[in-house]
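In: Can you look at this prediction? I've put the sequence above it.
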Amino acid sequence: AQKVTQAQTEISVVEKEDVTLDCVYETRDTTYYLFWYKQPPSGELVFLIRRNSFDEQNEISGRYSWNFQKSTSSFNFTITASQVVDSAVYFCALSDGNYGQNFVFGPGTRLSVLP
Amino acid sequence: DAGITQSPRHKVTETGTPVTLRCHQTENHRYMYWYRQDPGHGLRLIHYSYGVKDTDKGEVSDGYSVSRSKTEDFLLTLESATSSQTSVYFCAISERQGMTYEQYFGPGTRLTVT
């Protein structure tokens, strides 16, 4: 069975600090896909990134970066120079690559960025 | 914007009453999903659909039924609402991206069962 763990329930940082959100996953599939979503206080779910299991390159998008390590089954998300607008709940998710019936979410990490 | 709307956006109902939530999409996606979001659990799949009249159960399907008579609409019904069904409900679609699918979500429906 697939499982996603986000051990950090809540994190508070002061603006401009860097922060890393941890995601650890479990799967028996050799091909799988990892995702991060953002849920701001307004409640909608915003897709951030998808990573394939066969591509371990890290990715950077502006202040966001993602570190995928198969050896430790982790897909961590770092926000550099955090801003108040980054305050949200962040979800990590895992899929087996099919049309989505096996899309598993972690419990989420609530990030508060204080001014 | 995946063109997904949900109605109603907020609803308060009493225990034992039937409730139907509607998900509407405008882009002819084949796959649609209903999730519930509860603190500490992330999102959990209730039911999903892989075509008109084709549906299947997810992780937390007890107490819920679904129907899909048209591609664009996916209905979630609570036959007799209970307080444990107080939650935020999200509809999602899957969109093919390369070798896999990405899920995009509607705005959510906040349901309170008193």
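Out: Thanks, I have it.

In: so residue B:61, which of the three states?
Out: Following DSSP: H, G, I helix; E, B strand; the rest coil, the label given to residue B:61 is coil.

In: quick one: it from chain A, how far?
Out: Going from residue B:61 to chain A by C-beta to the nearest C-beta, to the nearest Å gives 12 Å. To be clear about C-beta, it is placed using only N, CA and C from the backbone, and glycine gets the same treatment.

In: Count the neighbours of that residue for me.
Out: Using other C-beta atoms under 10 Å in any protein chain shown, residue B:61 has 17 other residues around it.

In: Residue B:26 now?
Out: When neighbours are counted by other C-beta under 10 Å, residue B:26 registers 11.

In: cool, and residue B:7?
Out: 13.

In: if I pick it, what's in contact with it?
Out: Contact analysis of residue B:7 by C-beta atoms under 8 Å, 6 or more residues apart in numbering or on different chains lists B:21-22, B:24, B:109.

In: Would you state the strands of chain A in chain order?
Out: A:3-5, A:10-14, A:19-21, A:24-26, A:33-39, A:46-52, A:59-61, A:64-69, A:74-79, A:88-95, A:104-105, A:109-114 (DSSP state E).

In: helices and strands of chain B: which one has the lowest mean pLDDT?
Out: Every helix and strand of chain B was ranked by mean pLDDT, DSSP states H and E. The lowest is strand B:100-105, at a mean of 86.

In: Which of the residues in the helix or strand containing residue B:48 are classified as buried?
Out: Taking DSSP states H and E as the definition, residue B:48 sits inside strand B:42-51. Along strand B:42-51, the positions that meet the burial threshold by neighbour count (16 or more other C-beta atoms under 10 Å in any protein chain shown) are B:42-50.

In: Within the sheet, what are the partner strands of it, with directions?
Out: Note on strand B:42-51: by DSSP bridges, its sheet partners are strand B:32-38 (antiparallel), strand B:54-57 (antiparallel).

In: now, of these, which is deepest in the fold?
Out: strand B:32-38 (a mean of 24; mean count of other C-beta atoms under 10 Å in any protein chain shown).

In: Surely residue B:45 is in contact with residue A:95?
Out: No: look at residue B:45 against residue A:95 with C-beta atoms under 8 Å: they stay out of range, at 11.5 Å.

In: which residues do these two both contact?
Out: Common neighbours of residue B:45 and residue A:95, counting by C-beta under 8 Å, 6+ apart, are residue A:103.

In: Just the contacts of residue B:7: which are in strands?
Out: Secondary structure from DSSP E places B:21-22, B:24, B:109 of the contacts of residue B:7 in strands.

In: Highest neighbour count among these?
Out: residue B:109 leads the ones in strands among the contacts of residue B:7 on contacts (other C-beta under 10 Å) with 23 neighbours.

In: so where's chain A shaky on pLDDT?
Out: A:99-100 (pLDDT under 70).

In: So which bits of it are right by chain B?
Out: Taking C-beta under 8 Å from any C-beta of the partner chain as the measure of proximity, chain A contacts chain B at A:4, A:9, A:33, A:35, A:37, A:43-45, A:47, A:50, A:52, A:91, A:95, A:97-101, A:103, A:105-108.

In: Can you flag the buried ones in those?
Out: Buried members of those, scored by 16+ other C-beta under 10 Å, are A:4, A:33, A:35, A:37, A:45, A:47, A:50, A:52, A:91, A:95, A:97, A:99-101, A:103, A:105-108.

In: and chain B, which residues reach chain A?
Out: So chain B meets chain A at B:30-31, B:33, B:40-45, B:48, B:50, B:56, B:58, B:88, B:90, B:92, B:94, B:97, B:99-105, B:107-108 (C-beta under 8 Å from any C-beta).
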